[in-house]
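# coords please:
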Amino acid sequence: MSRYDPSFVPRKLDAPAKFLLWDFDQVAAAAAGFGVGIIVNSLMIGALASVVCMWAYVRLKAGRHPRYGLHCLYWHTPFKTFKRTPPSSRRRFIG
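Numbering: from 1, shown residues only. Below is the predicted model of the structure:
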């Protein structure tokens, strides 16, 4: 059965986005570590911070839901971006 056969059904519809071998959120954690290295102008510190950030994020997510990182961002960051509610929740009933 070819991939372009009209009856082809993919096995993993809800698979998370990947970059090479890692999930995209793990790569984002590693990029944050490299960002620290860029700020302090040191490649070694950036590489070390990248490994530490990725290790800590993988340990945080171990055995939990694949989107647990978003859960942590929602509950543990002070930004209002993650805490906005949809307009339907602000519906007022006038009777």
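
# Mind jotting down where the helices sit in the chain?
For the chain, applying DSSP state H gives helices covering 24-40, 43-61, 68-76.

# pLDDT weak spots in the chain?
Where the chain drops to pLDDT under 70, the residues are 1-5, 8-10, 80-95.

# which residues does the residue nearest the centre of the chain contact?
Central residue of the chain (C-alpha atoms, centre = their mean): D25, 3.2 Å from the mean position. Neighbouring residues of D25 by C-beta atoms under 8 Å, 6 or more residues apart in numbering: P16, Y57, K61, G69. The way it works is simple: take the backbone N, C-alpha and C, and place the C-beta from them, glycine included.

# May I see the helices of the chain arranged in JSON lines, with distance to S7 as well?
Below are the helices of the chain laid out as JSON lines (distance: least, C-beta to C-beta, whole Å):
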{"stretch": "helix 24-40", "distance to S7": "30"}
{"stretch": "helix 43-61", "distance to S7": "36"}
{"stretch": "helix 68-76", "distance to S7": "35"}
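
# Kindly give a single PyMOL line that selects the buried subset of the contacts of D25.
Buried residues among the contacts of D25 (16 or more other C-beta atoms under 10 Å), as a PyMOL selection:
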select buried, resi 57+61+69
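
# among the contacts of D25, which two are most distant?
Largest separation among the contacts of D25 by C-beta to C-beta: P16 and Y57, giving 13.5 Å.

# on that earlier part again, and the gap between the residue nearest to the centre of the chain and V36?
Distance of D25 to V36, computed by C-beta to C-beta, to the nearest Å: 18 Å.

# Kindly report the same for D14.
With C-beta to C-beta as the criterion, D14 and V36 are 32 Å apart.

# out of those two, which sits in the busier spot?
Counted by other C-beta atoms under 10 Å, D14 and V36 do not tie: V36 has more neighbours, with 16 against 5.

# Quick check: closest non-adjacent residue to the more buried one.
Once flanking residues are discounted, V36 sits nearest to A49: 4.3 Å by C-beta to C-beta, 6 or more residues apart in numbering.

# Quick check: that neighbour touching F34?
Yes. The pair A49 and F34 qualifies as a contact (C-beta atoms under 8 Å) at a distance of 7.3 Å.
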